[in-house]
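What follows is a predicted protein model with its sequence.
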Amino acid sequence: MTEDRGSLAGRRVVVGVSGSIAAYKAVSLVRLLAERGAIVDVAMTPAATEFVTPLTFASLTHRRVVDDVMALDADSQIAHVELAEGADAIVIAPATANLLAELAAGNAGNAVTAIALASRAPLVVAPAMDAGMWTHPATQRNIETLRGFGHRVVEPEVGALASGLTGVGRLAEPDSIVEVVERLFARAGDLEGLQVVVSAGGTREPIDPVRFIGNRSSGKMGVAIAEAARDRGASVTLIAGVMSVPPPRGVSVVDASTAAAMRQAVLRSASGADVLVMAAAVADFAPKRASSSKIKRGGGDLQIDLVANPDIIAEVGEMADGTRPFLVGFAAESDELEANARSKLRDKGLDLIVGNKVGGPFDAIGSDENKVIVFGAEGELSDWPMLPKRQVAERLWDLIVDRYRKAHAPERPERPARSRRR
Ligand code: CTP
């Protein structure tokens, strides 16, 4: 299997820049897109060139910037038509109120609007303007028109505006815009119609109001799994323990910072779910009683009684057939990875288990990469190389989809069909 560098690798993305003070943010946007492997061309309105020079973008992309609707390219072809035809996606950021009006009206008076009109590639607009202009009915009507054309709008955010006032109108952050562009290229929805629950992060078991027993889980693996499921069309609930990364957009988030809260959240959502992936690092023990006031130093040693937490995924594993979701667990092992992973798979009633080594020279905890081995009931299914967590997530979903579909393939006619949401 060839490694791809993410959904943007090799994609031709045209970034259209219009004349706003936020044009400087388009520089980061172009850099981020290029870093993710996209081939980026930049088109600018004349006003945009007053804020950022074409040379800035040309230096980043190593490609000619189109800032003149009449320009011809090296082969004497009309530059904006060439870009429009070759584009896999067009992103207009920042899009001024004026540019939105031009797009809505179908004008083609500058390089950016001409490309937008000539192209049939998916188009994303990220508006930036003063709050009064954004909320004006004319702009809102234009936005609705653009949505009606099928364009995606990355809503502006609330913050300090060029006018000195604070309000809605600030250009969305470049990484949010990149996320929307990536979603355009997401693998076609092979999880469409499925309810997916993913737990991520670690739990913290309180000792007193300021102290807890916890672990170093960052939540990155679970978040990558939730993001990949979302991009493949699933309806996703993320049960978020304590995480060092933000939860992804476009998923329902249930906060659950203790094992007890996580148990409640998982059991509540598991019965309606098609797939449950428990990537969370649930604390196995919790203090028997959390002190309501801060424990003082005293003078001597302190003993804390710990009680075993319930095994959440094992409880779900005991649900009756037909109500139990497809179950995927993780096994973080410092020793005997295969033997421990396989016994967890069996003892907890799982369909798949993802084993990874912890505590060795490479530590997956907190890392952006992971090296995992996946086991099913019949033994080892795959031993992947070290990969970015997002790629681990994509490969894991490939496996899950395959097995889930086989398990829920239409049943033989002599048996009454049990209905499972698909
Ligand atoms: N898990 C769970 N509830 C717990 C503990 C773990 O649902 N109280 C889940 C984890 O989310 C993971 C799987 O069980 O998917 C295995 O977790 P792991 O910590 O590796 O195993 P434990 O069962 O806790 O066993 P041990 O710590 O002894 O290795």
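All right, it came through fine.

correct me, but residue 42 touches residue 56?
No. Using C-beta atoms under 8 Å, residue 42 makes no contact with residue 56, being 9.1 Å away. Backbone N, C-alpha and C define where each C-beta goes, glycine included.

Which elements pack onto the helix or strand harbouring residue 268?
For residue 268, the element it lies in under DSSP states H and E is helix 259-270. Contacts defined by 3 or more C-beta pairs under 8 Å, 6 or more residues apart in numbering; DSSP states H and E place helix 259-270 against strand 195-200, strand 235-240, strand 252-255, strand 275-278, helix 312-317.

10 Å instead, please
When contacts are defined as 3 or more C-beta pairs under 10 Å, 6 or more residues apart in numbering; DSSP states H and E, helix 259-270 sits against strand 195-200, strand 235-240, strand 252-255, strand 275-278, strand 285-287, helix 312-317.

That helix: how far from the chain's middle?
Offset of helix 259-270 from its chain centre (C-alpha atoms, centre = their mean, to the nearest Å): 22 Å.

Return every residue with contacts to both of residue 42 and residue 56.
Taking C-beta atoms under 10 Å, 6 or more residues apart in numbering as the contact rule, residue 42 and residue 56 both touch 26, 27, 30, 65.

ok, residue 252 - contacts?
Counting by C-beta under 10 Å, 6+ apart, residue 252 makes contact with 197, 226, 235, 236, 237, 238, 239, 269.

What is the burial count for residue 14?
27 (other C-beta atoms under 10 Å).

so it bridges to which residues?
Here residue 14 sits in beta bridges with residue 41, residue 90, as judged by DSSP bridges.

And it, how close does it get to residue 110?
14 Å (C-beta to C-beta, to the nearest Å).

any shared contact partners between these two?
43, 66, 80, 116.

to the chain's geometric centre, what's the distance from stretch 185-203?
Centroid displacement of stretch 185-203 relative to its chain, using C-alpha atoms, centre = their mean, is 9 Å.

Pull out the buried positions in it.
For stretch 185-203, the neighbour count (16 or more other C-beta atoms under 10 Å) marks 185, 191, 194, 195, 196, 197, 198, 199, 200, 201, 202, 203 as buried.

and the stretch 251-400 of the chain, which of its residues are near the ligand?
259, 278, 280, 282, 284, 309, 311-313, 329-332, 344 (C-beta under 6 Å from any ligand atom).

what's the lowest-pLDDT member of those?
When these are compared by pLDDT, residue 332 scores lowest at 91.

Skip the chain neighbours and tell me the closest residue to that residue.
If the residues on either side of it in the chain are set aside, residue 332 comes closest to residue 358, at 4.6 Å by C-beta to C-beta, 6 or more residues apart in numbering.

Ramachandran angles for that neighbour?
phi -130, psi 150 (degrees, to the nearest 10).

and the residue in the stretch 101-250 of the chain that the ligand sits nearest to, what are its bridge partners?
Residue nearest to the ligand within the stretch 101-250 of the chain (C-beta to the nearest ligand atom): residue 199, separated by 6.3 Å. Residues found in beta-bridge contact with residue 199 (criterion: DSSP bridges) are residue 239, residue 278.

Wait, it touches residue 236, no?
No. In this structure, residue 199 is not within contact of residue 236 by C-beta atoms under 10 Å, at 11.6 Å.

Mutual contacts of the two, please.
Contact criterion C-beta under 10 Å, 6+ apart; residues shared by residue 199 and residue 236: 225, 226.

Give the other helices and strands that the helix or strand bottoming out on mean pLDDT in the chain contacts.
Lowest by mean pLDDT, DSSP states H and E among the helices and strands of the chain is strand 387-388, with a mean of 81. In terms of contacts (3+ C-beta pairs under 10 Å, 6+ apart), strand 387-388 is packed against strand 369-370, helix 389-407.

a markdown table please, covering the ones you listed and showing mean neighbour count.
Below are these laid out as a markdown table (neighbours: other C-beta atoms under 10 Å):
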| stretch | mean neighbour count |
| --- | --- |
| strand 369-370 | 18 |
| helix 389-407 | 19 |
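
Redo those as TSV? Include mean pLDDT.
Listed next are the helices and strands packed on strand 387-388 as TSV, based on pLDDT from 0 to 100:
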stretch	mean pLDDT
strand 369-370	88
helix 389-407	89
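
quick one, which of those is nearest to residue 132?
The closest of those to residue 132 is helix 389-407. By C-beta to C-beta, the value is 39.8 Å.

quick one: that closest one to strand 195-200, angle?
Counting by axes from the mean of the first three to the mean of the last three C-alpha atoms, to 10 degrees, helix 389-407 lies at 140 degrees to strand 195-200.
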